[in-house]
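1. Provided below are the primary sequence and the corresponding predicted coordinates.
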Amino acid sequence: MNGAELRVENVSWSPSRHAEPILHQTSFSLAAGRVLGVVGPNGAGKSTLLRLLYRFNKPSSGRILVGGDNLWSLPPRTAARRVAAVLQEHPTDFALTVREIVNLGRLPHRAGFTTSDQLCHRTVDDALHRLDLFQLGHRQFSTLSGGERQRAMVARALAQNPQILVLDEPTNHLDIRHQLEVLRLIHDLNMTIVTSLHDLNMAVGVCDEILVLKQGHPLGFGPPAQLLNASLVSEAFRVDARQENLSPSNTPHFSFHLPNQPER
Ligand SMILES: Nc1ncnc2c1ncn2[C@@H]1O[C@H](COP(=O)(O)OP(=O)(O)OP(=O)(O)O)[C@@H](O)[C@H]1O
């Protein structure tokens, strides 16, 4: 297992010193190897929280511990070996092939800009195979479809071999088959994962823990079957939610409609 425990202690974030926080005090603890789904409506603060976890923004208060070490006290290169991120938007002007992009994930592990050693090569091959991209390794990144780009960025993060993998809407742009494949991959990876997901039922299916955010406030944290119910989901998303339990897994499954509108 390559994952590390993640602890978020009283973390908040404001864009400037006197501005209202966009993320209010949030705390949770995620054991090594567990998958956390961050859910909530548009503008709830999901990406804001993730940006703190992959060290793009520094928390305005509180601290983030990765394997017991304060993320912001680590040298940047060490932090980059510990935490990898896959973001919603990818630059499209890379004049690099898919293999070269995935190879970038190895940078924090190298002593300098040396040619790839055998381990790097194997790791990159493995990541390309896992994301069904091996045949596209020679293609220019800019010529890929949105879904292929998304898979290439997940492969780059895997090649980084991090302890914590942060994914911002990893199923964006993916067709149903590739959504399911990425979700299964997330489920099967031996690392600690924090992922934002818009599809609540997908989050229930793949995540060990769920954090619900609304207007920058945490509404709840816990295993999906214990945390989520129709009332919490209705409050978070401002919809009427109905819960059924799937058989035989007994996992909750939600359907939604607008308040005061008849169900179809
Ligand atoms: N640097 C910033 N300065 C000012 N406001 C910001 C900044 N970054 C984010 N926001 C605002 O904070 C709120 C939360 O944004 P965030 O991107 O975290 O939401 P989200 O839950 O990821 O939303 P979505 O589901 O739409 O992607 C939004 O209203 C956004 O406009």
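-> Great, that's in hand.
2. now stretch 252-261: mean pLDDT?
-> For stretch 252-261, mean pLDDT is 87.
3. pull out the buried positions in that stretch.
-> Buried residues in stretch 252-261, counted by 16 or more other CB atoms under 10 Å: P252, F254. C-beta coordinates here come from the backbone N, C-alpha and C atoms, glycine included.
4. kindly format the C-alpha coordinates of it as PDB.
-> Output of stretch 252-261 as PDB, limited to C-alpha atoms (Å, rounded to 0.1, in the frame of the first residue of the first chain):
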ATOM      1  CA  PRO A 252     -28.400   3.900  -1.000                       C
ATOM      2  CA  HIS A 253     -29.400   5.200  -4.400                       C
ATOM      3  CA  PHE A 254     -31.000   8.600  -4.900                       C
ATOM      4  CA  SER A 255     -33.400  10.000  -7.400                       C
ATOM      5  CA  PHE A 256     -34.200  13.700  -7.500                       C
ATOM      6  CA  HIS A 257     -36.900  16.100  -8.600                       C
ATOM      7  CA  LEU A 258     -37.500  19.800  -8.200                       C
ATOM      8  CA  PRO A 259     -39.500  20.800  -5.100                       C
ATOM      9  CA  ASN A 260     -43.300  21.100  -5.700                       C
ATOM     10  CA  GLN A 261     -43.100  19.300  -9.000                       C
END
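5. tell me how far it lies from the chain's centre.
-> In terms of CA atoms, centre = their mean, to the nearest Å, the centre of stretch 252-261 is found 26 Å from the chain centre.
6. with stretch 37-56 instead?
-> 9 Å.
7. go on, stretch 193-209?
-> Taking mean C-alpha positions (CA atoms, centre = their mean), stretch 193-209 and its chain are 9 Å apart.
8. can you list the low-confidence ranges for the stretch 101-250 of the chain?
-> 111-116 (pLDDT under 70).
9. show me where it has strands.
-> Assigned by DSSP state E, counting those that start in this stretch, the stretch 101-250 of the chain shows strands spanning 164-168, 192-196, 209-214, 217-222, 240-245.
10. name the helices or strands packed onto the second one?
-> The one in question is strand 192-196. If contacts are counted by 3 or more CB pairs under 8 Å, 6 or more residues apart in numbering; DSSP states H and E, strand 192-196 sits against strand 35-39, helix 46-53, strand 164-168.
11. out of those, which gets nearest to the ligand?
-> helix 46-53 (3.4 Å; CB to the nearest ligand atom).
12. which bits of the stretch 101-250 of the chain sit near the ligand?
-> Applying the criterion CB under 6 Å from any ligand atom, no portion of the stretch 101-250 of the chain neighbours the ligand.
13. switch the cut-off to 8 Å
-> Contact residues (CB under 8 Å from any ligand atom) of the stretch 101-250 of the chain with the ligand: D168, E169, S196, H198, L213, G216.
14. list buried residues within the residues you listed.
-> D168, E169, S196, L213, G216.
15. taking the residues you listed together, which two end up most distant?
-> Maximum pairwise distance among those (CB to CB): 18.1 Å, between E169 and G216.
16. is the ligand within reach of stretch 40-56?
-> Yes. With CB under 8 Å from any ligand atom as the measure, stretch 40-56 is seen reaching the ligand through G40, P41, N42, G43, A44, G45, K46, S47, T48, L49, L50, R51.
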